[in-house]
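J.: Need the 3D shape of this:
(one chain, ligands or ions: 1)
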Amino acid sequence: MSDNREQLLDLSVEAEGSEERFSQVRNWFRSTGWSMADPTVYDLYYDKHPADAFGPRTLAASADANGSYSFVSGRDYYFAGEGTGGPVCRRCTVQLPLELIVPLVSEWYDGGPEPRLACPDCSWTGLFGDWDLRSCMAVASFAVIIDTGTAGYSPELTMTLLEGLRTNLGGRWVYINKYI
Ligand SMILES: [Zn+2]
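T.: Here you go, the predicted structure:
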């Protein structure tokens, strides 16, 4: 049996600021109708972290009422699960080999700065989080994890949420889909 999670990471947050960010982000999800409080809801992969039920706006956009939003504060490592690959260039869409970036992400996780990468094909450079990381990995100190339930992979819902978060709360939001 397979499972799916949509991982929305805010790379602008440091570990010390992650609790404050949690309050802002959860307030936004609730006040906009994307989520609603429900003390019985939790994600079995994130059961130590607070979670909300889907609000009316999510229910209108998703097939499954049994999903959840988990709010994860604190520095952690996120990856795409089965089939994790390298980051994809935003300009020419070439994908860097995974073995090239694993040591860089490892240093990042150990407390180093976010790596900067140069594309070997078009020479575009960008911070790690500015590459397309949908099937890759990243280190982040705040994340929203969406369990979409039986609706599975939900890029449309995810893109709508990312746009709303960026517009209303700012930050550096990055998306990694997780196939478990
Ligand atoms: Zn490129």
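
J.: Which of the residues in the helix or strand bottoming out on mean pLDDT in the chain are classified as buried?
T.: None of the helices or strands of the chain scores lower by mean pLDDT, DSSP states H and E than helix 56-61, at a mean of 93. The neighbour-count check on helix 56-61 (16 or more other C-beta atoms under 10 Å) flags 57-59 as buried. (Glycine included, C-beta is placed from N, CA and C.)

J.: Please apply the same query to stretch 71-86.
T.: 71-73, 76, 78, 80-81, 85-86.

J.: With pLDDT as new columns, can those residues be given to me in a markdown table?
T.: Output for those, formatted as a markdown table (pLDDT from 0 to 100):
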| residue | pLDDT |
| --- | --- |
| Phe71 | 98 |
| Val72 | 98 |
| Ser73 | 97 |
| Asp76 | 96 |
| Tyr78 | 97 |
| Ala80 | 96 |
| Gly81 | 91 |
| Gly85 | 96 |
| Gly86 | 97 |
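
J.: Could you provide these in a markdown table, with additional columns for secondary structure and distance to the ion?
T.: Shown next, in a markdown table, are the buried residues of stretch 71-86 (DSSP: H, G, I helix; E, B strand; the rest coil; distance: C-beta to the ion, whole Å):
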| residue | secondary structure | distance to the ion |
| --- | --- | --- |
| Phe71 | strand | 34 |
| Val72 | strand | 31 |
| Ser73 | strand | 34 |
| Asp76 | strand | 28 |
| Tyr78 | strand | 23 |
| Ala80 | coil | 20 |
| Gly81 | strand | 25 |
| Gly85 | coil | 15 |
| Gly86 | coil | 12 |
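
J.: Close to the ion: what parts of this protein are there?
T.: Proximity of the chain to the ion (C-beta under 5 Å from the ion) is limited to residues 89, 91-92, 94, 119, 121-122, 124.

J.: Drop anything exposed from these.
T.: 89, 119.

J.: Quick one: residues contacting Val72.
T.: Going by C-beta atoms under 8 Å, 6 or more residues apart in numbering, Val72 touches 46, 49, 142-145.

J.: what's the most distant pair in those?
T.: Spatial extent of those (C-beta to C-beta) is set by the pair Tyr46 and Phe142 at 12.8 Å.

J.: More neighbours: which of those two?
T.: Using other C-beta atoms under 10 Å as the criterion, Tyr46 and Phe142 rank with Phe142 on top: 28 against 17.

J.: number of nearby residues for Glu16?
T.: When counting by other C-beta under 10 Å, one arrives at 9 neighbours for Glu16.

J.: sorry, back to before: and of the buried residues of helix 56-61, the nearest to the ion?
T.: Nearest to the ion among the buried residues of helix 56-61 is Thr58, at 34.7 Å by C-beta to the ion.

J.: ok, and the closest non-adjacent residue to that closest one?
T.: Trp34 (5.3 Å; C-beta to C-beta, 6 or more residues apart in numbering).

J.: That concludes my questions; thank you for your assistance.
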